[in-house]
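Novice: Here is a sequence together with a model predicted from it:
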Amino acid sequence: MKKLVFATNNQHKTDEIRHALNGQYEILNLEDIGCFADIPETADTFEGNATLKSGFVYENYNLDCFADDSGLEIDALNNEPGVYSARYSGSRDSLENINMVLAKLEGIHNRKARFKTVISLMQNGKNHLFEGVINGTIRTALSGAKGFGYDPIFQPEGYSITFAEMDMAEKNKISHRALALQKMIAFLK
Ligand code: IMP
């Protein structure tokens, strides 16, 4: 079976893709290939960071590899927090990051935002990019306890609940990550 590395340490993400590519590719994560390096994520775009990660594995291990990078883009904040989503407030604490967003949006009527994921698949030395986007709005207060990150303040378009109030199975059908992943899976198949 063909080997494909997923440049992540997240076991949940690894299991999800193993399930989706069931029997077609042997999916290895960074731990599986003995990669414990701190791979740089210094680019200022999702594409750039995803490509830095997949390229690192391809160059150092000579294995086909894919990597993802995601974040929240808010119209009224010039697409911030964007690539800085994980530590927008200077801390990795989700509540502090959410409070930072809510404070910056105070009194602002345009609440339009989107979650975006870009996957870079480095296969035979060629970079293939896949993007997934979900549009929505930023609430004025937190609602819901499921999910992670900015989920309690993000209401996807066409819904009246936040991501944090949605069942995981439903979020995983419509999320930015799911959409990007579906595109890559269709390409690989
Ligand atoms: P990553 O590139 O998937 O690790 O995402 C970077 C950051 O974006 C996370 O630490 C979160 O703050 C935010 N983020 C990405 N995807 C989601 C999501 O589905 N819900 C909430 N926050 C997210």
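Specialist: The structure has been received and is ready for your questions.
Novice: buried stuff in the longest helix seen in the chain?
Specialist: Scanning the chain for the longest helix, with DSSP state H as the assignment, gives helix 46-61. Buried residues in helix 46-61, counting neighbours by 16 or more other CB atoms under 10 Å, are found at 46-58. All C-beta atoms are positioned from the backbone trio N, CA, C, and that covers glycine.
Novice: Pull the distance from it to the chain's centre.
Specialist: The chain centroid and the centroid of helix 46-61 are separated by 15 Å under CA atoms, centre = their mean, to the nearest Å.
Novice: Send me it as CSV with only the CA atoms.
Specialist: Extracted in CSV, the C-alpha atoms of helix 46-61 (Å, rounded to 0.1, in the frame of the first residue of the first chain):
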residue,chain,number,x,y,z
PHE,A,46,-2.5,29.4,5.4
GLU,A,47,-1.1,28.1,2.0
GLY,A,48,2.4,29.1,3.1
ASN,A,49,2.2,27.4,6.5
ALA,A,50,0.6,24.2,5.2
THR,A,51,3.3,24.1,2.5
LEU,A,52,6.2,24.7,5.0
LYS,A,53,4.9,21.7,7.0
SER,A,54,4.4,19.3,4.0
GLY,A,55,7.6,20.4,2.4
PHE,A,56,9.6,19.8,5.6
VAL,A,57,8.6,16.2,5.7
TYR,A,58,9.0,15.7,1.9
GLU,A,59,12.5,17.1,2.0
ASN,A,60,13.8,15.5,5.2
TYR,A,61,12.1,12.1,4.9
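Novice: Report all helices and strands that the helix or strand following it contacts.
Specialist: Once helix 46-61 ends, the next helix or strand along the chain (criterion: DSSP states H and E) is strand 65-74. Judged by 3 or more CB pairs under 8 Å, 6 or more residues apart in numbering; DSSP states H and E, the packing partners of strand 65-74 are strand 2-6, helix 46-61, strand 80-81, strand 112-123, helix 176-188.
Novice: Need the ones you listed in JSON lines (columns: mean pLDDT and distance to I74).
Specialist: Below are the helices and strands packed on strand 65-74 laid out as JSON lines (pLDDT from 0 to 100; distance: least, CB to CB, whole Å):
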{"stretch": "strand 2-6", "mean pLDDT": "95", "distance to I74": "28"}
{"stretch": "helix 46-61", "mean pLDDT": "97", "distance to I74": "15"}
{"stretch": "strand 80-81", "mean pLDDT": "98", "distance to I74": "6"}
{"stretch": "strand 112-123", "mean pLDDT": "98", "distance to I74": "4"}
{"stretch": "helix 176-188", "mean pLDDT": "95", "distance to I74": "14"}
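Novice: Thanks a lot, catch you later.
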